[in-house]
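A.B. asks: Here is my input, please return the structure:
(2 chains)
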Amino acid sequence: MKDEKLIERIARRAALELKDGYCINLGVGLPVEVLKYIPKDVEIFLQSENGILGMGPPAEKGKEKPELIDAARNYVTIKPYGSFFDSAFSFGMIRGGHLDATILGALEVDEEGNLANWNLPGRIGPGFGGGMDLAVGTKYVIVTTFHLTKNGKSKIKKKCTLPLTAKKAVNRIITDMAVMDVSYDPKEKGLILREVAPGYTIEDVVKATEAKLIIKNVEKWKTS
Amino acid sequence: MKSKVKSLDDVIKLIKPHSKLLVSGFYYVGRPETILEEIRKAGIKHLYVVVNDIAFPDDGVGQLVMNDQVDYLATSFLGVNKEINKKVRELMEKKNFKLEFVPQGTLIEAIRAAGFGLGGFLTPVGVGTVVEKGKKRIEIDGKEYLLELPIKGDFGLVKAYKADKFGNLIFRQSARNFNPYVAMAADYTIAEVEVISDKPLNPERIHLPGIFVDAVVKGKKVKVKRK
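C.D. replies: As a prediction, the model looks like this:
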């Protein structure tokens, strides 16, 4: 399958995690794709860490406001019920656990819920931005990622090898192959396999996953 | 009351080599572009700069890094721009430059702590990561935190939409970002604004009280930047 199709599959599945009235923050890249697939009857309030809650769609060309941008530097709009605030407020919102969920991208994620997404080998940055705060502070942390790297290696690791963004922070991992939950039960550590994507078997997922999988009551891939 | 409105020249003259600058802004929004440009033109060196992000070589603090004016940089985000990354790598190899990545929420809170007269704060952010290096880990009710210290500045450089002569400030949309706390955490705060009102601003509309502002200068009008 082509990358765009896989991204769509991940984004569609992740969109089903969001409930009406949720206040959420989306990481750049794959997580932002989720916006395209949010059901019509679900209204969410997007937080942007530079100081917006209730961010609307991108601004039309020619109608951009020079000081209304999102955290990825795109010109955006503000929705009814939206608000502006400063960065201390914004990170109080994030670190204080006031957001319902965040969806983040990953370079690696592991069976203990550790996440690595800020630095690649040989690079200086790009830096943390607000990623560490989001991963640590948000009540429900969803990671969306391809299951495998371009070279066919598992991104779902036993232990992250890249510099960490946060320890024991991830709740749910949604990939093009599976939905998995991090078990924080000390008696049963690992990733609980919840759903397997169409076209794959449980064995396929096991083969593509370096982390320990806990397999029982695996359900059908949710589509609505 | 003496007006705080000053000329750009007058305030730039105050900034000496080895000054510690707290710079507000997220990308160019809420960032004092006119003041930063003047600092580049004045060529003031050995600056210690705290700023949320760099991202580009031709504006903001990026231009000061490119121009070899910065010795120490604390930031949450350097971005992926090749030119700025190459420059930072060169400077780091020459060992006359130090870069410190700070999580964004920790950066703003450290600035806030300084402005609020606190000796530091405990945050769970950074535990078990590179951020932890050299910091004290403290456990409270079974949860681990890092002790983070306040970040103060000699100069606070802020950007608002509108000011009055007392230095009361009003921001637009997402431009508030680091501004209120940068203004509070520095010994001397310079506010670059687009509009200076002859009359006092409406107290109901003021985002930052003038007590935190030492000088008001007129800057350029902020425009949309086409990518």
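
A.B. asks: Going along the chain, name the helices of chain A.
C.D. replies: With helices called from DSSP state H, chain A shows them at A:3-15, A:30-33, A:87-95, A:131-137, A:202-208.

A.B. asks: Pick the most buried one from those helices.
C.D. replies: Mean neighbour count (mean count of other CB atoms under 10 Å in any protein chain shown) peaks for helix A:131-137 among the helices of chain A, with a mean of 29. Every residue, glycine included, has its C-beta placed from N, CA and C.

A.B. asks: I'd like the average pLDDT over that one.
C.D. replies: The average pLDDT for helix A:131-137 rounds to 98.

A.B. asks: Can you check which strand is longest in chain A?
C.D. replies: strand A:76-84 (DSSP state E).

A.B. asks: want to try a markdown table for the helices of chain A, with distance to chain B as columns?
C.D. replies: Conversion of the helices of chain A to a markdown table gives the following (distance: least, CB to the nearest CB, whole Å):
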| stretch | distance to chain B |
| --- | --- |
| helix A:3-15 | 20 |
| helix A:30-33 | 16 |
| helix A:87-95 | 3 |
| helix A:131-137 | 4 |
| helix A:202-208 | 27 |
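
A.B. asks: B:Lys16: which of those is closest?
C.D. replies: Closest approach to B:Lys16 among those is made by helix A:87-95 (27.9 Å; CB to CB).

A.B. asks: For the closest one, give me every contacting residue.
C.D. replies: With CB atoms under 8 Å, 6 or more residues apart in numbering or on different chains as the test, helix A:87-95 has contacts from A:25, A:47, A:49-51, A:53, A:85, A:98-99, A:102, A:130, A:133-134, A:136-138, B:26, B:52, B:104-105, B:108-109, B:112, B:123-125, B:176-178, B:180-181.

A.B. asks: got the buried residues for stretch B:101-118?
C.D. replies: B:101-115 (16 or more other CB atoms under 10 Å in any protein chain shown).

A.B. asks: filter these by proximity to chain A?
C.D. replies: Subset of the buried residues of stretch B:101-118 in contact with chain A: B:Phe101, B:Val102, B:Pro103, B:Gln104, B:Gly105, B:Thr106, B:Ile108, B:Glu109, B:Arg112, counting by CB under 8 Å from any CB of the partner chain.

A.B. asks: Can you name the two of those residues that sit furthest apart?
C.D. replies: Spatial extent of these (CB to CB) is set by the pair B:Phe101 and B:Arg112 at 18.7 Å.

A.B. asks: And the pLDDT for the residue in chain A sticking out farthest from the centre?
C.D. replies: Outermost residue of chain A with respect to the C-alpha centroid, by CA atoms, centre = their mean, is A:Gly62; its distance is 31.3 Å. pLDDT for A:Gly62: 94.

A.B. asks: got a list of what A:Asp110 touches?
C.D. replies: Under the criterion of CB under 8 Å, 6+ apart, the neighbours of A:Asp110 are A:Ile156, A:Lys157, A:Lys158, A:Lys159, A:Cys160, A:Ala211.

A.B. asks: Can you give me the separation between the second one and A:Asn171?
C.D. replies: Going from A:Lys157 to A:Asn171 by CB to CB, to the nearest Å gives 17 Å.

A.B. asks: more neighbours, these two?
C.D. replies: Set side by side, A:Lys157 and A:Asn171 give different neighbour counts by other CB atoms under 10 Å in any protein chain shown, the larger being at A:Lys157 (20 against 17).

A.B. asks: Show residues contacting the longest strand of chain A.
C.D. replies: Contacts to strand A:76-84, defined as CB under 8 Å, 6+ apart, come from residues A:45, A:48, A:51-59, A:68-70, B:173-174, B:176.

A.B. asks: Which PyMOL command selects the buried ones in those residues?
C.D. replies: A single PyMOL command is used to select the members of the contacts of strand A:76-84 judged buried by 16+ other CB under 10 Å:
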select buried, (chain A and resi 45+48+51+52+53+54+55+59+68+69+70) or (chain B and resi 173+174+176)
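
A.B. asks: which residues touch B:Ile15?
C.D. replies: When contacts are counted by CB under 8 Å, 6+ apart, B:Ile15 touches B:Leu21, B:Ile39, B:Ala42, B:Ile44, B:Phe155.

A.B. asks: Please repeat the previous calculation with a cut-off of 7 Å.
C.D. replies: With contact set as CB atoms under 7 Å, 6 or more residues apart in numbering or on different chains, B:Ile15 has these partners: B:Ile39, B:Ile44, B:Phe155.

A.B. asks: In JSON lines, list those along with neighbour count and pLDDT.
C.D. replies: Written out in JSON lines, the entries for those read as follows (neighbours: other CB atoms under 10 Å in any protein chain shown; pLDDT from 0 to 100):
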{"residue": "B:Ile39", "neighbour count": "25", "pLDDT": "98"}
{"residue": "B:Ile44", "neighbour count": "20", "pLDDT": "98"}
{"residue": "B:Phe155", "neighbour count": "24", "pLDDT": "98"}
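
A.B. asks: Those residues into a markdown table, with extra columns for distance to chain A?
C.D. replies: As requested, the contacts of B:Ile15 are arranged in a markdown table below (distance: CB to the nearest CB, whole Å):
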| residue | distance to chain A |
| --- | --- |
| B:Ile39 | 22 |
| B:Ile44 | 25 |
| B:Phe155 | 19 |
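
A.B. asks: Narrow those to those in helices?
C.D. replies: Among those, the ones falling in helices (DSSP H) are B:Ile39.

A.B. asks: which one of the contacts of B:Ile15 is nearest B:Ile84?
C.D. replies: Distance ranking of the contacts of B:Ile15 against B:Ile84, using CB to CB, places B:Ile39 first at 17.1 Å.

A.B. asks: Phi and psi next, for residue 129.
C.D. replies: The chain I'm using is chain A. Geometry field for A:Gly129 lists phi and psi as phi 50, psi -130, criterion degrees, to the nearest 10.
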